[in-house]
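In: Quick one, structure for this:
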Amino acid sequence: METRRTLLVDAFADEPLAGNVAGVVPDAAGLSDDQMGRIAAEIGASETAFLSDAEGADDRLRYFTPSTEVDLCGHATIATYGALFAEGAIDAGDRTLRTNVGDLEVTVDDDGTVWMRQNPPTVDVVDPDGDGGADLDADRLGDALGIDPAALRDVGADLPVAVASTGLPWLVVPVNFLERLGEAEPDAAAIEAISEAYDAAGVYAFTFDAIGAESTLHGRAFAPAVGVPEDPVTGTASGAVGAYLREVGAFDGDFPDELRFEQGHFVDRPGHVRVRVDGDSVRVGGKAVVSMDGELRVPADDDDEIIEA
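Out: Sure, this is the predicted structure:
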């Protein structure tokens, strides 16, 4: 039975036990899909990143939740490169990352901030009368999120619900006040049904009524359809929401050079994501801190033993 080095890394955080924890397997060469899935289930983080070599790119990353593979995960990417930089395995500078959605550019600053360039964005405003007959008005969304529908109607005229993507689609839902967003008690089955109806990984609800004076907004991300009831701090969603804000003209005057999204406070994992949107270029950035470094015993595919920590 072989062992693989396995990390827990807190992304979009400046200290351990904050932000969004990701599993990272720095050497995934030779692992099968089944083994990677079982490792991710054992680690139990919302996503685990598996790093290997790639022909024609610097690195290859695959991402698994405890229940399925997903094409892209921002916080696990930040976690991987933050951990590699901290231990001196890579230098500051640019790297080309191969993912299931194509090759992406990752840049590591001298201070350890990791920037991930995401795919060119798409933003599709949702007709409140529904897509394919699936009604998606404030009442249905409010019931699914456990938020008073009035909190959604209050901002709906200026900020529409939309499906936004920079590689992984999210249903973006504006809410009027932080208090209403904090009261959310989502119905997982209803959120999953809406996500599937709109081909989205999950629902990202946000408000401009943020906690920090320097923050652009406060967000919460619910993705039960991919096995994540609530993601503390979400890189892929943050990039998509940055593109959404530009597309819907959310700001008077010039679009800000950089946005700061805070998230995770309501699940005791506070963190923040830096977002830059310039034309079709969307980048998300943040730091990462290793909270655990160990070895995981991995049975062969035909071994019936359970993975042991």
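
In: Quick one: the helices in the stretch 101-250 of the chain, in order.
Out: Assigned by DSSP state H, counting those that start in this stretch, the stretch 101-250 of the chain shows helices spanning 138-145, 149-156, 178-182, 188-197, 235-247.

In: And the pLDDT for residue 306?
Out: At residue 306 the predicted local confidence, pLDDT, stands at 44.

In: One more: residue 231?
Out: pLDDT, residue 231: 90.

In: With the one 4 residues further on instead?
Out: Residue 235 is assigned a predicted lDDT (pLDDT) of 92.

In: Could you list which residues are in contact with it?
Out: With contact taken as C-beta atoms under 8 Å, 6 or more residues apart in numbering, residue 235 is in contact with 11, 12, 73, 74, 75, 77, 78, 116, 273, 284, 286. In short, each C-beta sits where N, CA and C put it, glycine included.

In: can you do 6 Å?
Out: By C-beta atoms under 6 Å, 6 or more residues apart in numbering, the contact list for residue 235 reads 74, 75, 284.

In: Relative to residue 91, which of the helices of the stretch 101-250 of the chain is closest?
Out: helix 235-247 (22.1 Å; C-beta to C-beta).

In: So which elements touch whichever helix or strand residue 62 is part of?
Out: Take DSSP states H and E as the rule and residue 62 turns out to sit in strand 57-64. Here strand 57-64 is seen to pack against helix 33-43, strand 48-54, strand 93-99 when contacts are counted using 3 or more C-beta pairs under 6 Å, 6 or more residues apart in numbering; DSSP states H and E.

In: And the last one, what does it pack against?
Out: Based on contacts counted as 3+ C-beta pairs under 6 Å, 6+ apart, the elements that strand 93-99 packs against are strand 57-64, strand 102-108.

In: Would you mind giving those as TSV with mean neighbour count and distance to residue 258 added?
Out: Below are the helices and strands packed on strand 93-99 laid out as TSV (neighbours: other C-beta atoms under 10 Å; distance: least, C-beta to C-beta, whole Å):
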stretch	mean neighbour count	distance to residue 258
strand 57-64	21	25
strand 102-108	17	14
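
In: So which of those is nearest residue 179?
Out: Shortest distance between residue 179 and the helices and strands packed on strand 93-99, using C-beta to C-beta, is found for strand 57-64: 33.6 Å.

In: In its sheet, which strands sit next to the closest one, and in what direction?
Out: Under the criterion DSSP bridges, strand 57-64 sits next to strand 48-54 (antiparallel), strand 69-70 (antiparallel), strand 93-99 (parallel) in its sheet.

In: Kindly compare burial across those and name the winner.
Out: Highest mean neighbour count of the strands paired with strand 57-64: strand 48-54, a mean of 22 (counted as mean count of other C-beta atoms under 10 Å).

In: how deep is the closest residue to residue 250 other than its chain neighbours tucked in, by neighbour count?
Out: Using C-beta to C-beta, 6 or more residues apart in numbering and skipping the chain neighbours, the partner closest in space to residue 250 is residue 159 (6.4 Å). Residue 159 has 21 neighbouring residues, counting by other C-beta atoms under 10 Å.

In: Give me the pLDDT for residue 159.
Out: At residue 159 the predicted local confidence, pLDDT, stands at 95.

In: what separates it from residue 114, distance-wise?
Out: With the distance defined as C-beta to C-beta, to the nearest Å, residue 159 ends up 29 Å from residue 114.

In: Ok, residue 161 next?
Out: Between residue 161 and residue 114 the distance is 30 Å, computed by C-beta to C-beta.

In: do the same with residue 241
Out: Taking C-beta to C-beta as the measure, residue 241 and residue 114 are separated by 19 Å.

In: try residue 216
Out: As for residue 216, its distance to residue 114 is 20 Å (criterion: C-beta to C-beta).

In: Equivalent analysis for residue 287, please.
Out: The gap separating residue 287 from residue 114 is 7 Å, by C-beta to C-beta.

In: what about these two, which has more around it?
Out: For residue 287 versus residue 114, neighbours defined as other C-beta under 10 Å are more numerous around residue 114 (28 against 24).
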